[in-house]
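okay, sequence plus prediction incoming.
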Amino acid sequence: MRKVLALLLVLAVGAGFCAVLAKIPFGTDKVDVANHYMRKGVEETGAGNIVTSVVVTYRGFDTLGEVTILFIVAIGLGAVLFVEKRPAGEQKEEASLIVRTGSKVLFLPIILLGVYIFVHGHLTPGGGFQGGAVMASGFLLLYLAWPRHRAGRRTFSAVESLAGVAFVAIGLLGVACGVGFLGNFLPLGTRYALLSAGVIPIIYVAIGLKVGAELAGVVANLMERE
Amino acid sequence: MDVLARYMYYVGGAGLILIGLYMVLAKTNLIKIILGLSFLDTGTHVLLVAVGYVRGRTAPIFSEGVPEATPVVDPVPQALVLTAIVIGIGVIALALGLAVRVYRHYGTLDVRQIKGLKW
């Protein structure tokens, strides 16, 4: 009965999709908003990656909200999974020699790749969120290799808080300099150089550190309870 | 067949959304329901990026080798999907945390055996 009802609802939604998507031709130019970003984006923000300039500059406030949601998730997960007393004699098996050695070799290159991705967020594909996720995967490897250790929790929350404060502080500095919240108050610099595009690289470094620390904290929370 | 080939990405995205919706509605194991949420998420991302695609254009990233007059695809849906992926991770992580909590409290992940979660 339940499955039939579910199937009927799915079919109804599917019919809705067909009706709507039939009106949207695939692969044609549809909107005008994007044209401004595409033609003027590099000139206005100095970032070669237009997706980055949309995320950090044109929709920077939205990104601040998104980072806040991630923060709430990290806190909520900590609260939901909190146990006052862990059962005594809880044994966790150590990983095999291959995993432990491999994680030692791979950890630093993974962190380096993550840092590379978010530092070059305004020039190449990638950015703060992607780089942060890559960094968190390095910490996931460490937790898999040494399940008994639970180092770094305090550091994660400290890095996360500092990066979040830095993000908001840069936004407020924009207000103080008269260009609006999260506006660009630095020179744009040479186009396509690493140190260019004003505040975008600084904001993306803050986002990268924050996302990395938050996701690593989420991983730590999920791994610790059995 | 021709229509299917032309609208392949729409069909794929909408199909993933429908599969996810069915999993969320019909499955009884909490982990499978959360997997359904993940399918819903992924389908939305595919659909959004497909709507923003413009045939014959390249990625919206300019560099010294790619001058600014190069025709590129719509960057706005891509930025939206970037946001949506992160929110999706948050939703899945929190849902899994709640599932852990439910399992610890009730000793089962089957929604039929949990009072208050029936429908």
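Yes, it's here.

give me the secondary structure label for the closest residue to A:Leu141 other than its chain neighbours.
Spatially, and ignoring its direct neighbours in sequence, A:Leu141 is nearest to A:Ser103 (4.7 Å; Cβ to Cβ, 6 or more residues apart in numbering or on different chains). Any C-beta I mention is one placed from the backbone N, CA and C, and that applies to glycine too. Following DSSP: H, G, I helix; E, B strand; the rest coil, A:Ser103 is assigned to helix.

hmm, who's touching stretch B:76-92?
Contact partners of stretch B:76-92, identified using Cβ atoms under 8 Å, 6 or more residues apart in numbering or on different chains, comprise A:31, A:33-34, A:37, A:51, A:54-55, A:59, A:62-63, A:66, A:69-70, A:72-73, A:127, A:129, A:133, A:211, A:215, B:34, B:37-38, B:41-42, B:44-45, B:48-49, B:51-52, B:60.

can you do 7 Å?
A:33-34, A:51, A:54-55, A:59, A:62, A:66, A:69-70, A:73, A:129, B:34, B:37-38, B:41, B:44-45, B:48-49, B:51-52, B:60 (Cβ atoms under 7 Å, 6 or more residues apart in numbering or on different chains).

send the alpha carbons of that stretch over as CSV?
The C-alpha trace of stretch B:76-92 is given here as CSV (Å, rounded to 0.1, in the frame of the first residue of the first chain):
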residue,chain,number,x,y,z
VAL,B,76,25.5,31.2,-11.9
PRO,B,77,24.1,27.7,-11.7
GLN,B,78,27.6,26.4,-11.1
ALA,B,79,28.0,28.7,-8.1
LEU,B,80,24.6,27.7,-6.8
VAL,B,81,25.5,24.0,-7.1
LEU,B,82,28.8,24.7,-5.3
THR,B,83,26.7,26.0,-2.4
ALA,B,84,24.2,23.1,-2.7
ILE,B,85,26.9,20.5,-2.5
VAL,B,86,28.2,21.9,0.8
ILE,B,87,24.7,22.1,2.2
GLY,B,88,24.1,18.6,1.0
ILE,B,89,27.1,17.3,2.9
GLY,B,90,25.8,19.1,6.0
VAL,B,91,22.3,17.6,5.7
ILE,B,92,23.7,14.0,5.2
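
the spatially closest residue to B:Ser63 that is not a sequence neighbour: how many residues sit nearby?
Excluding its sequence neighbours, the residue lying closest to B:Ser63 (Cβ to Cβ, 6+ apart) is A:Gly48, at 5.2 Å. A:Gly48 sits with 25 neighbouring residues when counted by other Cβ atoms under 10 Å in any protein chain shown.

over to the one 5 residues further on?
Around A:Ser53 sit 26 other residues, with neighbours defined as other Cβ under 10 Å.

which helix or strand contains it?
helix A:50-53 (DSSP states H and E).

could you pull up the mean pLDDT of that helix?
For helix A:50-53, the mean per-residue pLDDT is 82.

other SSEs contacting it?
Judged by 3 or more Cβ pairs under 7 Å, 6 or more residues apart in numbering or on different chains; DSSP states H and E, the packing partners of helix A:50-53 are helix A:33-45, helix B:75-106.

what angle do the longest one and helix A:33-45 make?
Helix B:75-106 and helix A:33-45 are oriented at 100 degrees to each other (axes from the mean of the first three to the mean of the last three Cα atoms, to 10 degrees).

quick one: distance of helix B:75-106 to the chain centre.
10 Å (Cα atoms, centre = their mean, to the nearest Å).

kindly report the same for the first one.
When C-alpha coordinates are averaged (Cα atoms, centre = their mean), helix A:33-45 and its chain have centres 24 Å apart.

can you point out the buried residues in that helix?
Buried residues in helix A:33-45, counting neighbours by 16 or more other Cβ atoms under 10 Å in any protein chain shown, are found at A:Ala34, A:Tyr37, A:Met38, A:Gly41, A:Val42, A:Thr45.
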